[in-house]
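Visitor: just the structure for this:
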Amino acid sequence: MASSASAKPLFKPPLTSKSTSKSSLVSFVTTAPSVSNTSLKLSRSRSCHSRRSFVFNNVLKTVDPSRSSVLSSEDLESSSLDSKPAILVSEKLGDAGLQLLRGLGRVECAYDLSPEDLCSKISSFDALIVRSGTKVTRQVFEAAKGKLKVVGRAGVGIDNVDLQAATEFGCLVVNAPTANTIAAAEHGIALLAAMARNVAQADASMKAGKWQRSKYVGVSLVGKTLAVMGFGKVGSEVARRAKGLGMNVIAHDPYAPADRARAIGVDLVSFDEAISTADFISLHMPLTPTTNKIFNDDTFGKMKKGVRIINVARGGVIDEDALVRALDSGVVAQAALDVFTEEPPSKDSKLVQHENVTVTPHLGASTKEAQEGVAIEVAEAVLGALNGELSATAVNAPMVAPEVLSELAPYVALAEKLGRLAVQLVAGGSGIKSVKVVYRSARDPDDLDTRLLRAMITKGIIEPISNTYINLVNADFIAKQKGLRISEERIVVDSSREFPVDSIQVQISNVGSKFASAVSETGEISIEGKVKYGQPHLTCVGSFGVDVSLEGNLILCRQIDQPGMIGRVGNILGEHNVNVSFMSVGRTYRRKKAIMAIGVDEEPPKEALGKIGSVPAINEFVFLKL
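Guide: Modelled structure (predicted):
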């Protein structure tokens, strides 16, 4: 895939003669029209681990529009108390979750906000926590004016959040998918049993002073077939419990692995087979354009006469008018519903008032244990995001399994810093349009998930030269917008399979370079790095091998290989109180060309850099910020 001819470059550096290497593209290319006239923006970053989430290098950054650079964590710490993140909770949240939130930020609980009230308030908040009742629309993200960094959904479903808009505005969306799993499954089973034995109707009858034993004869569950529609976390837990009740369980889910279903004695079948053979149908699918009103007149017509339906997922998956018709005709004998297309439903709803329907007011997650668990889970994810972490529950960022996140931890910082270094080596001219990333690994390509690394490299390349708010969530989107084409190549090498990646190389084609020695023999700016002792290291610049830890900032010097060069440069830096953290020299042949890579804690003053450049044996040098 090639860049659009009309795509504008990120900025314009002078061209130098070079040839472009060609390689197979693996998994990712982005192209789209771009925005020009961008400005330099640099920041420092950190990474670490946390219990449930993986910390990325300033994944969510605070931007002061009046400045040309991203505010660092040091800036934030030195600012006033008002700099504590502001968190809006728009629906009730468990006390344990609120306590966690108050430990980091300023929390405001404002319930039952109208859409207009939410839009008017949101520009003052860094985070928003909702349940299912608050609609977080594109208008909300527009009203936030870039301040909103994370939306936390206290629960599983995220159909009330506009994910596309969230991504475009660089806002992370997290949910709490595990804490209420058991509660929802138990409620599904409770409705199943209550419906089968007419518990709600019999209770209402007795409280009305009646004794109608013959009217409320139920049906047994043993030996009946239950179709679980959606075999995710909740669906699989319902299946386990239904098996314990002696039911025959089948399931439909186009994304569920057959071996996981077989492990609990469940057969995966097609949609039509599931609905046509089941005595009971339990719905556990998300609400998407595909599943919206998937249970309609047509699907009800394919079911066994007398089928019973349970829904503790999303109301919109059922065409409620069609269900009323199916109940009236006897195709559906009974329904037990916890969710509705409109919540709360109207008081005169024919479905709610139907004598063969058992209803509850969205109680699937409403146990004390689940409420506290959800509150803690979403609070931890939101706090992690505000601290620059990406939760494993993020729903609009590269989704990587927790074990893969843990394994890739040291390589995330390396990926972003290589991107950040590479783009600073580019000189003005025609612009950056094509970037190639080469991963060397002992593992087979299919065993190496590079989505996260690719996103971090993209972020590192774009952020220093963009005046757009950039984070991990919208990195790919902004890359497309700016016409930046990212290709990936994986090379299998003879190294330890214990580590996912041996090295990462970043190449930028068809650009000039501020440091000519960074240009490879084939004409691209090329830098390469590895993780050593858990820390990112720069190991190759152009054709020169180096070994310097990517901490603080970096000075690259190309020089004549002769005695005393390390001392001369070191003395200049020492005279100006610049601390050297690492130093490495790579050379072609003895007494010929060499590259000296120097890690420094502080940015050297212009006078110091001028003195380094005036050393006769130094042919060129460049200062790079990490």
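Visitor: pLDDT on the helix ranked longest in the chain, on average?
Guide: Longest helix of the chain, by residue count under DSSP state H: helix 402-424. Across helix 402-424, pLDDT averages out at 88.
Visitor: sort out which residues of that helix are buried, please.
Guide: Residues 404-405, 407-424 are the ones in helix 402-424 that count as buried (16 or more other Cβ atoms under 10 Å). No exception for glycine: its C-beta is placed from N, CA and C like everyone else's.
Visitor: one more: stretch 191-205?
Guide: L191, L192, A194, M195, A196, R197, N198, V199, A200, Q201, A202, S205.
Visitor: and E108, that's in a helix?
Guide: No - using DSSP: H, G, I helix; E, B strand; the rest coil, the assignment for E108 is strand, not a helix.
Visitor: my guess is it contacts P85, does it?
Guide: No - judged on Cβ atoms under 8 Å, E108 makes no contact with P85 at a distance of 11.6 Å.
Visitor: where along the stretch 501-626 of the chain do the strands fall?
Guide: Secondary structure of the stretch 501-626 of the chain (DSSP state E, counting those that start in this stretch): strands located at 503-508, 525-532, 535-541, 544-549, 553-560, 580-587, 593-600, 618-625.
Visitor: make TSV from those and add mean neighbour count, distance to Y255 and mean pLDDT to it.
Guide: Compiled in TSV, the strands of the stretch 501-626 of the chain are given as follows (neighbours: other Cβ atoms under 10 Å; distance: least, Cβ to Cβ, whole Å; pLDDT from 0 to 100):
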stretch	mean neighbour count	distance to Y255	mean pLDDT
strand 503-508	23	31	96
strand 525-532	22	33	95
strand 535-541	22	35	92
strand 544-549	19	42	88
strand 553-560	22	45	88
strand 580-587	18	47	80
strand 593-600	23	46	86
strand 618-625	18	43	89
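Visitor: distance of the most centrally placed residue in the chain relative to L405?
Guide: With distances taken as Cα atoms, centre = their mean, A397 lies nearest the centre of the chain, 2.2 Å away. Note on A397: its distance to L405, by Cβ to Cβ, to the nearest Å, is 11 Å.
Visitor: equivalent analysis for L554, please.
Guide: 28 Å.
Visitor: and if you look at A336?
Guide: 38 Å.
Visitor: what of I595?
Guide: Taken as Cβ to Cβ, the span from I595 to L405 is 34 Å.
Visitor: ok, and what's touching stretch 613-624?
Guide: 421, 424-425, 514-517, 553-560, 562, 565, 568-569, 572, 603-604, 609, 612 (Cβ atoms under 8 Å, 6 or more residues apart in numbering).
Visitor: gap between the two ends of that stretch?
Guide: Using Cα to Cα, to the nearest Å, one end of stretch 613-624 lies 15 Å from the other.
Visitor: just checking, next helix/strand downstream of the longest helix of the chain?
Guide: strand 434-441 (DSSP states H and E).
Visitor: what's that next one in contact with?
Guide: Counting by Cβ under 8 Å, 6+ apart, 3, 20-21, 23, 422, 448, 450, 453-454, 457, 461, 484-493, 495, 499-510, 524 sit against strand 434-441.
Visitor: just checking, next helix/strand downstream of it?
Guide: Following strand 434-441 in sequence, per DSSP H and E, is helix 451-462.
Visitor: run the chain-centre distance for that next one.
Guide: Mean C-alpha position of helix 451-462 versus that of the full chain (Cα atoms, centre = their mean, to the nearest Å) differs by 13 Å.
Visitor: what comes up buried for the host helix or strand of V234?
Guide: In the assignment (DSSP H and E), V234 maps to helix 233-244. Going by neighbour count (16+ other Cβ under 10 Å), the buried part of helix 233-244 is K233, V234, G235, S236, E237, V238, A239, R241, A242.
Visitor: equivalent analysis for stretch 97-108, please.
Guide: Under 16+ other Cβ under 10 Å, the buried positions of stretch 97-108 are G97, L98, L100, L101, L104, G105, R106, V107.
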